[in-house]
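Novice: With the input below, show me the fold.
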Amino acid sequence: MANPNIVNVTTITGNTTYLTPANTTANVLLSNAASSGLVFKINQIVCANVNGSSAVNATVAINNQAAGAGTNFPVISTVSVPASASVIAVDKTTAIYLM
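Specialist: The predicted structure is shown next:
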C-alpha cells in the first residue's frame, strides 16, 4: 500500500484500545491490513503492572506486517515495570504512524 495522504483527510475517528494479556507471549493490540487504505496515529501506549507485589518486564514492538507478522521492531524492550505502577512506552512526543 502507498502512504495515504494525511493532509487532505475527510474523516478523523478517535478510538481507544485496551488489552489485558492473559499470558506472557506476544499479543497484538492493533493491526492495520495493507488493503485498508488507512493510517493509524498512535499517541500513547501505557504498560501497567497490576501485580501488587512483583515487578514485571514489558516489551512493546511494531511489526512490519499486519497481525503481528513480519519483522519485530522493539519500541521498548524488557523494561521493568514496578509492582502497581505504569510505564509510558509511547506518548505524543514520539507518536507512531501505523500504515
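
Novice: for this structure, which strand is longest?
Specialist: The longest strand of the chain (DSSP state E) is strand 72-81.

Novice: how far out from the middle of the chain is that one?
Specialist: Per C-alpha atoms, centre = their mean, to the nearest Å, the displacement of strand 72-81 from the mean C-alpha position of its chain is 11 Å.

Novice: Packing partners of that strand?
Specialist: strand 45-48, strand 56-63, strand 86-90 (3 or more C-beta pairs under 8 Å, 6 or more residues apart in numbering; DSSP states H and E). Backbone N, C-alpha and C define where each C-beta goes, glycine included.

Novice: Run through this protein and note the low-pLDDT ranges.
Specialist: The chain contains residues with pLDDT under 70 at 1-2.

Novice: one more time with 90, if that's ok
Specialist: Low-confidence regions of the chain, defined by pLDDT under 90, span residues 1-12, 21-25, 33-39, 95, 98-99.

Novice: Need the residues that contact the longest strand of the chain.
Specialist: The contact list for strand 72-81 (C-beta atoms under 8 Å, 6 or more residues apart in numbering) reads 26, 45, 47-49, 55-64, 87, 89-90, 96.

Novice: can you pull the alpha-carbon coordinates of that strand into PDB?
Specialist: Taking Å, rounded to 0.1, in the frame of the first residue of the first chain, the C-alpha atoms of strand 72-81 are listed here in PDB:
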ATOM      1  CA  ASN A  72       9.500  -7.200  15.000                       C
ATOM      2  CA  PHE A  73      11.000  -3.700  15.900                       C
ATOM      3  CA  PRO A  74      11.000  -3.000  19.600                       C
ATOM      4  CA  VAL A  75       9.900   0.400  20.900                       C
ATOM      5  CA  ILE A  76      10.800  -0.500  24.400                       C
ATOM      6  CA  SER A  77      12.500  -3.900  25.300                       C
ATOM      7  CA  THR A  78      12.400  -5.700  28.600                       C
ATOM      8  CA  VAL A  79      11.700  -2.600  30.700                       C
ATOM      9  CA  SER A  80      11.000  -3.300  34.300                       C
ATOM     10  CA  VAL A  81       7.600  -2.100  35.500                       C
END
